[in-house]
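S.K.: Build me a model from this:
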Amino acid sequence: MFDTLRAQAAEPLTVVRPGRVDYLVAWDWQRDLAERRARDEVGDVVLLLEHPAVYTLGRRADEANIVLDAAERQRRGIAVHRIDRGGDVTYHGPGQLVGYPILRLSGPRVVDHVRALEEVNLRLAAAHGIVGERVSGYSGVWVGNRKVTAVGVHVTAGRVTTHGWATNVRTDLDDFTGIVPCGITDRGVTSFEDLGVDLSLDAAIDDTMAALAEVYGVDVRTATPADVGLTLPGTPPGTPDAPAAVPTVPSAR
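M.R.: Numbering: from 1, shown residues only. Model (predicted):
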């Protein structure tokens, strides 16, 4: 369906699934990969991970949409960062599957990239009996008037994407009460667990890889952070960070 969206459409997608990663570390990873992707030093990479609790504000986000004061955020252990994606304020935390595609796009329409990310998550939801939908005027995947997947992206001058989506799998929805999610006052949020689906994050990542293969029409292979030149803080370059398991999810061509 979106098999011509990427500049190197026939090349496999590489997925890195490093577990729980600090938000600022993952942001540094994205910027590093995007710079190297623009120079063709690395292919298209998708990071699939989760974060410790954090609120992030997009470029034009209204800080008034963070409801919790600093003292309460500190008590709950929720960090706050302003970043360069589109959109308003959102929450990331344990039990939430976050996807960061570092892709070089073939065309100028960023909306096509957003629709592809929505499609991946519509298929993930459908695989578990959840009927998600797009809602006119809003990004993301919705179940009724509640959002299960938020989407917010950035595209560099070199047509390389960063940021991406966040799907609530087993997320503590109470942490969303500390913000006005995406600045939307008349709609809410939900999760797979809230909708009665018992799904582990690892299983959600497996199913997301399958959906990526279908939506982009390519093989999807896994790699460790070290395989794509990424290191965690305090890890000497070249230190193995995980067994180099490289299973491939074939496309549905």
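
S.K.: Might one say that residue 86 is in contact with residue 153?
M.R.: Yes: taking Cβ atoms under 8 Å as the definition, residue 86 is a contact partner of residue 153 at 6.3 Å. C-beta coordinates here come from the backbone N, C-alpha and C atoms, glycine included.

S.K.: For the two, indicate the residue with more neighbours.
M.R.: residue 153 (21 against 17; other Cβ atoms under 10 Å).

S.K.: Specify the local secondary structure of the residue nearest to that one when sequence neighbours are not counted.
M.R.: Closest residue in space to residue 153, ignoring its immediate chain neighbours: residue 163 at 5.0 Å, by Cβ to Cβ, 6 or more residues apart in numbering. Under the three-state scheme (DSSP: H, G, I helix; E, B strand; the rest coil), residue 163 adopts strand.

S.K.: show me the contacts for residue 163.
M.R.: Applying Cβ atoms under 8 Å, 6 or more residues apart in numbering, we find residue 163 in contact with 30, 83, 84, 85, 100, 152, 153, 154.

S.K.: Any chance of JSON lines for those residues, columns secondary structure, distance to residue 55 and pLDDT?
M.R.: Shown next, in JSON lines, are those (DSSP: H, G, I helix; E, B strand; the rest coil; distance: Cβ to Cβ, whole Å; pLDDT from 0 to 100):
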{"residue": "30", "secondary structure": "helix", "distance to residue 55": "18", "pLDDT": "97"}
{"residue": "83", "secondary structure": "coil", "distance to residue 55": "11", "pLDDT": "87"}
{"residue": "84", "secondary structure": "coil", "distance to residue 55": "16", "pLDDT": "87"}
{"residue": "85", "secondary structure": "coil", "distance to residue 55": "13", "pLDDT": "85"}
{"residue": "100", "secondary structure": "strand", "distance to residue 55": "17", "pLDDT": "98"}
{"residue": "152", "secondary structure": "strand", "distance to residue 55": "13", "pLDDT": "92"}
{"residue": "153", "secondary structure": "strand", "distance to residue 55": "18", "pLDDT": "93"}
{"residue": "154", "secondary structure": "strand", "distance to residue 55": "18", "pLDDT": "94"}
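
S.K.: which of those residues has the most neighbours?
M.R.: Most neighbours among those, by other Cβ under 10 Å: residue 30, with 25 neighbours.

S.K.: who's the closest residue in space to that residue that isn't next to it in sequence bridged to?
M.R.: Of all residues beyond its chain neighbours, the one nearest residue 30 is residue 162 (4.5 Å), with distances taken as Cβ to Cβ, 6+ apart. Counting by DSSP bridges, residue 162 forms beta bridges with residue 154.

S.K.: I figured residue 162 was touching residue 99, is that so?
M.R.: No: between residue 162 and residue 99 there is no contact under Cβ under 8 Å: 11.5 Å.

S.K.: Please give the element, helix or strand, for the residue nearest to the spatial centre of the chain.
M.R.: Centroid-nearest residue in the chain, with Cα atoms, centre = their mean: residue 99, separated by 2.1 Å. Here residue 99, judged by DSSP states H and E, is contained in strand 96-102.

S.K.: if I read this right, residue 61 contacts residue 81, doesn't it?
M.R.: No: with contact defined as Cβ under 8 Å, residue 61 does not count as touching residue 81 (10.8 Å).

S.K.: In terms of neighbours, single out the busier of the two.
M.R.: Using other Cβ under 10 Å as the criterion, residue 61 and residue 81 rank with residue 61 on top: 23 against 12.

S.K.: so that one, which of the three states?
M.R.: Applying three-state DSSP: residue 61 is coil.

S.K.: Contact partners for the closest residue to it other than its chain neighbours?
M.R.: Nearest non-adjacent residue to residue 61, counting by Cβ to Cβ, 6+ apart: residue 88, 4.4 Å away. By Cβ under 8 Å, 6+ apart, residue 88 lies in contact with 57, 58, 60, 61, 62, 65, 180, 182, 183, 184.

S.K.: Before I go, just wanted to say thanks for your time.
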